[in-house]
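*Asks:* Fold the following, please.
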Amino acid sequence: MGIEILNGISLPNIPWQDRPEGCIDTIWRCGINPIIPRGLISGSNSIFNSAVVPFNGAFAGVFRVDDKARRMAIHAGFSEDGLNWTINERKIEWINDDPETAKANVWDYGYDPRCVWIEDRYWITWCNGYHGFPTIGVGWTKDFREFHQLENAFLPFNRNGVLFPRKIGDEYVLLSRPSDNGHTPFGDMYLSRSKDMTYWGRHRLVMQPEMPWESLKLGAGPIPIETSEGWLVFYHGVLQSCNGYVYSFGACILDSEEPWRVKYRCEEYLLSPQEPYECVGDVPNVAFPCAALCDKDTGRIAIYYGCADTCTSLAFCYAEEVVEYVKSHSKKYF
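*Replies:* Predicted coordinates:
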């Protein structure tokens, strides 16, 4: 493999299907999609835009589950193979160790979580309802059974909080997309830094919509993957058509030590909603990536993505092919 995966792990049991015969796409779909149906647990209206990580030789995750009252909550789940999932019936009950944090973080709603191992624990970020307004919640777990919540990262309004999998210098690094309280008909990607996961600052603009497939807004997707070319970041882009919004996803490469600097960026999407389960659902025409498993030995990547805000699917690719595709279908930024 010409592209080296840095700061990664061996993952021989990564869920995987080889590229179908005749497929020329850089990313291809799992043949048994959707892998998580909307009604996997009792009372669920939909299960989508969720985060998966390796855990104890198998897999665990935090899942967006909307119930039939359309309340948005986050549930833990487990899988032996990354394909067949058992999701807890009860939502996560966050522990607030600081009484002031407990008073501030009375649960309102939560959705679109991300999850990453940093140093000694799994960190979780999500869109957290704070007095009815969206911002980025921050918490952690070591066992996916007990979950601790910190202060929110930012004031409202903000979404799509995505942590990098290691400190850069001596700081944690977080991507986000400032928003409003509606469906956000705009959106740029920003980067912020913190020494303690509580106080965030040194904000930098990373990128804004440029191409037609992302012309309305964009936001970070799965946890960035560190490669010898830089940070590989899958992100969603949104266009507004005569029939509403269309959510697709592409990729960019950020500088390893100054990740607010874009090195390369897709001119074309890598995957767009085309299959029935991506086009038909509570919110049609959505392919929204939230998690990516990567095997450092083979460069295989399995991407978990939400479909039509209803169910969860998988797509596959090779890190080297994605990096080369992004480089060859992009202007060089610096």
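*Asks:* Look up how far residue 215 lies from residue 187.
*Replies:* Per CB to CB, to the nearest Å, residue 187 is found 11 Å from residue 215. Every C-beta, even on glycine, is put in place using the N, C-alpha and C of the backbone.
*Asks:* In terms of neighbours, single out the busier of these two.
*Replies:* Legend: neighbour count by other CB atoms under 10 Å for residue 187 and residue 215, higher for residue 187 (22 against 13).
*Asks:* quick one, what contacts the nearest residue to the more buried one once chain neighbours are set aside?
*Replies:* Using CB to CB, 6 or more residues apart in numbering and skipping the chain neighbours, the partner closest in space to residue 187 is residue 217 (2.9 Å). Listed by CB atoms under 8 Å, 6 or more residues apart in numbering, the contact set of residue 217 reads 177, 184, 185, 186, 187, 188, 209, 237, 238.
*Asks:* Closest one to residue 31 out of those residues, please.
*Replies:* Of all these, residue 237 has the smallest distance to residue 31: 25.7 Å, by CB to CB.
*Asks:* which neighbours do residue 187 and residue 215 share?
*Replies:* What both residue 187 and residue 215 touch, as defined by CB under 8 Å, 6+ apart, is the set 209, 238.
*Asks:* CA atoms of stretch 108-124 as PDB?
*Replies:* The C-alpha trace of stretch 108-124 is given here as PDB (Å, rounded to 0.1, in the frame of the first residue of the first chain):
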ATOM      1  CA  ASP A 108     -33.500  18.000  26.100                       C
ATOM      2  CA  TYR A 109     -32.600  16.000  23.000                       C
ATOM      3  CA  GLY A 110     -29.500  14.500  21.300                       C
ATOM      4  CA  TYR A 111     -28.700  13.300  17.900                       C
ATOM      5  CA  ASP A 112     -26.000  12.500  15.300                       C
ATOM      6  CA  PRO A 113     -23.300  11.200  17.700                       C
ATOM      7  CA  ARG A 114     -19.600  10.600  16.800                       C
ATOM      8  CA  CYS A 115     -17.200   8.500  18.900                       C
ATOM      9  CA  VAL A 116     -13.400   8.100  19.000                       C
ATOM     10  CA  TRP A 117     -10.800   6.500  21.300                       C
ATOM     11  CA  ILE A 118      -8.300   9.100  22.600                       C
ATOM     12  CA  GLU A 119      -5.600   8.000  25.000                       C
ATOM     13  CA  ASP A 120      -7.600   6.100  27.700                       C
ATOM     14  CA  ARG A 121     -11.300   6.400  26.900                       C
ATOM     15  CA  TYR A 122     -13.900   6.700  24.200                       C
ATOM     16  CA  TRP A 123     -15.000  10.300  23.700                       C
ATOM     17  CA  ILE A 124     -18.400  11.100  22.300                       C
END
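*Asks:* buried stuff in that stretch?
*Replies:* Across stretch 108-124, burial judged by 16 or more other CB atoms under 10 Å covers 109, 110, 111, 112, 113, 114, 115, 116, 118, 122, 123, 124.
*Asks:* okay if I get those residues as a markdown table plus pLDDT, secondary structure and distance to residue 70?
*Replies:* As requested, the buried residues of stretch 108-124 are exported to a markdown table (pLDDT from 0 to 100; DSSP: H, G, I helix; E, B strand; the rest coil; distance: CB to CB, whole Å):
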| residue | pLDDT | secondary structure | distance to residue 70 |
| --- | --- | --- | --- |
| 109 | 95 | coil | 10 |
| 110 | 96 | strand | 14 |
| 111 | 97 | strand | 11 |
| 112 | 98 | strand | 15 |
| 113 | 98 | strand | 18 |
| 114 | 98 | strand | 22 |
| 115 | 98 | strand | 24 |
| 116 | 98 | strand | 28 |
| 118 | 98 | strand | 33 |
| 122 | 98 | strand | 28 |
| 123 | 98 | strand | 28 |
| 124 | 98 | strand | 22 |
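*Asks:* Mind picking the two most distant members of these?
*Replies:* Using CB to CB, those reach their maximum pairwise distance at 109 and 118, which is 25.4 Å.
*Asks:* Done for today, thanks.
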